[in-house]
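Novice: got a sequence here, can you build the structure:
(chains A and B)
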Amino acid sequence: MTKTTIEAPIPGTFYRAPSPQEPVFKNEGDAVAIGDTVGLIEVMKSFTPVVAEAAGTLVAFHVENEEPVMAGQPLYDLEG
Amino acid sequence: MADGAAMFEVVKPGLSTTVQDLGRPGFYHLGLPISGAMDRFALIAANRLVGNPDGAAGLEAVFLGPSLKFAADAVVAVTGATMAPKLDGVEQPGWTAFAVSAGQELSFGTLKGGARIYIAIAGGIDVPEIKGSRSTYALGGLGGFEGRALQAGDQVKFAAASGSAKLGVTVPEELRRIPPASGTVLRTMPGLYWHRITEDSQGSFFEDTWKVAPEADRIGYRFKGGKSLDFVPREPPFGAGSDPSNIVDSCYPYGSIQVPGGTEPIVLHRDAVSGGGYFMVGTVISADMDLIGQLQPHQPVRFQSIDMEGALAARREEQSRLGRLAEFLGG
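Specialist: Predicted structure coming up:
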């Protein structure tokens, strides 16, 4: 098992759910497949999905819901 | 895609990648902003590296680079934000002209600093000129490639190279100007409706640290985190809204800082709206407008008061930077 830290591709505000009323895309401990949406980053008035480019188990988020994020900042850890 | 044709195909568009040149001046009074590169120096540098005239059209990509597959040989330079260009996955130097062979794919690493890259191709992007410019004004659906940001599958032509590229030459770091993540100063001439806020607020506006809001875009850069501004009491004049930040509709200069409701300053940029009913505390000087285009959300900024003499000196200094670049590249 190797742990990889996935970085934020763009800066903005990080959201873990598609809207405040809906469940989060992924919980810690969930399996992640390539192409899965892990969260959203809002920047320049639009929401860009953070799409997994590697598969594994999501072990930890480094950024909380609605927190600011910079490009290249660690976003979540994947084990697999 | 026809092999050998002077074009590239967009494999991935990035977040918002638009065709930009030095803009479309002369129509702002009709509501049509200048548009063009947010960081003009970076576009000019990229153009000079590939042997183009300063005003040739290139690509501006913000935060996330595109992937472009070239159908023909080309010479390319990437300037502006720190984001490594890659050819078929092999990293290339930034601020440097390099050759691309037909069939190769240009892509980018992650953003390490700044906000916007400029991609110049020898010959320039070949889209129709609208009112003397190839710049995209996306809000108006005008100019550039079909009036919009690039999308996957777009086939974009470039013209035949006219000048001689400076292959392998790198623009020295001391000529580049990218705001450090630790903080940036934007020099500002107080004025316009400066008298509308209290003396305390006039002080706090310049003392406070503001942070770039995620909404910041080509139309305006919004900032938050400083103290709200207090207004001098008044009877709203005829034609002004009831909010103390409202004025009788007025022209908005490029760089002007409006503060709706007194809370979040917005600096109008290249795709600015030309007029409206919000008061303005002053104007960011032209020499610092390029810097704004390289700010990422959440980066800290302070506004610093400067007078007209200082602003003109700063403008001369910016022009001399272009002169030093020309000297370095051998004219």
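
Novice: residue B:116: what's it in contact with?
Specialist: Residues counted as contacts of residue B:116 (CB atoms under 8 Å, 6 or more residues apart in numbering or on different chains) are B:38, B:39, B:42, B:60, B:61, B:62, B:63, B:80, B:81, B:293, B:294. C-beta here means a position set from N, CA and C on the backbone, and glycine is covered the same way.

Novice: 10 Å - rerun?
Specialist: For residue B:116, the residues meeting the contact criterion (CB atoms under 10 Å, 6 or more residues apart in numbering or on different chains) are B:16-17, B:20, B:37-39, B:42-43, B:60-63, B:79-81, B:83, B:218, B:290, B:293-296.

Novice: considering only those residues, which also neighbour chain A?
Specialist: Applying CB under 10 Å from any CB of the partner chain to the contacts of residue B:116, one finds that B:16, B:62, B:63, B:81, B:83, B:218, B:295, B:296 fall near chain A.

Novice: out of those residues, which sit inside helices?
Specialist: Counted as lying in helices by DSSP state H, out of the ones next to chain A among the contacts of residue B:116, is not a single one.

Novice: for chain B, give me the ranges with low pLDDT.
Specialist: B:1-3, B:331 (pLDDT under 70).

Novice: looking at the record's assignment, how would you partition it?
Specialist: Domain assignment for chain B, taken from automatic domain parsing, gives B:7-175, B:184-319.

Novice: need the winner for burial among those.
Specialist: Ranked by mean neighbour count under mean count of other CB atoms under 10 Å in any protein chain shown, these are led by domain B:7-175, which reaches a mean of 20.

Novice: end-to-end on that domain?
Specialist: Taking CA to CA, to the nearest Å, the span from the opening residue of domain B:7-175 to its closing residue is 31 Å.

Novice: kindly report the same for stretch A:68-80.
Specialist: Here stretch A:68-80 reaches across 27 Å from its first residue to its last, counting by CA to CA.

Novice: name the residues of chain B found near chain A, please.
Specialist: Counting by CB under 10 Å from any CB, the residues of chain B near chain A are B:14-16, B:62-64, B:81, B:83, B:109-115, B:181, B:211-219, B:295-299.

Novice: go again using 7 Å as the cut-off
Specialist: Residues of chain B lying close to chain A by CB under 7 Å from any CB of the partner chain are B:15-16, B:63-64, B:110-112, B:214-215, B:217, B:296-298.

Novice: can you put the residues you listed in TSV and add distance to residue B:187?
Specialist: Formatted as TSV, the entries for the residues of chain B next to chain A read as follows, by distance: CB to CB, whole Å:
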residue	distance to residue B:187
B:15	29
B:16	28
B:63	25
B:64	30
B:110	31
B:111	26
B:112	26
B:214	24
B:215	23
B:217	22
B:296	20
B:297	22
B:298	21
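
Novice: how about these, which pair is most distant?
Specialist: B:112 and B:215 (23.1 Å; CB to CB).

Novice: need phi/psi at residue B:316.
Specialist: Note on residue B:316: its backbone torsions stand at phi -60, psi -40 [degrees, to the nearest 10].

Novice: what's the most distant pair in the ones next to chain A among the contacts of residue B:116?
Specialist: Looking across these, with CB to CB as the criterion, the two at the greatest separation are B:83 and B:218, at 17.9 Å.

Novice: in the stretch 51-200 of chain B, which spans are helices?
Specialist: Under the criterion DSSP state H, counting those that start in this stretch, helices of the stretch 51-200 of chain B are mapped to B:199-207.

Novice: quick one, strands of it?
Specialist: Counting by DSSP state E, counting those that start in this stretch, one finds strands in the stretch 51-200 of chain B at the ranges B:58-62, B:67-70, B:74-82, B:85-87, B:90-91, B:97-100, B:105-108, B:113-121, B:155-157, B:184-190.

Novice: quick one: which helix or strand includes the spatially closest residue to residue A:64 that is not a sequence neighbour?
Specialist: Using CB to CB, 6 or more residues apart in numbering or on different chains and skipping residues adjacent in sequence, the residue nearest residue A:64 is residue A:14, 7.7 Å away. With secondary structure defined by DSSP states H and E, residue A:14 is part of strand A:12-15.
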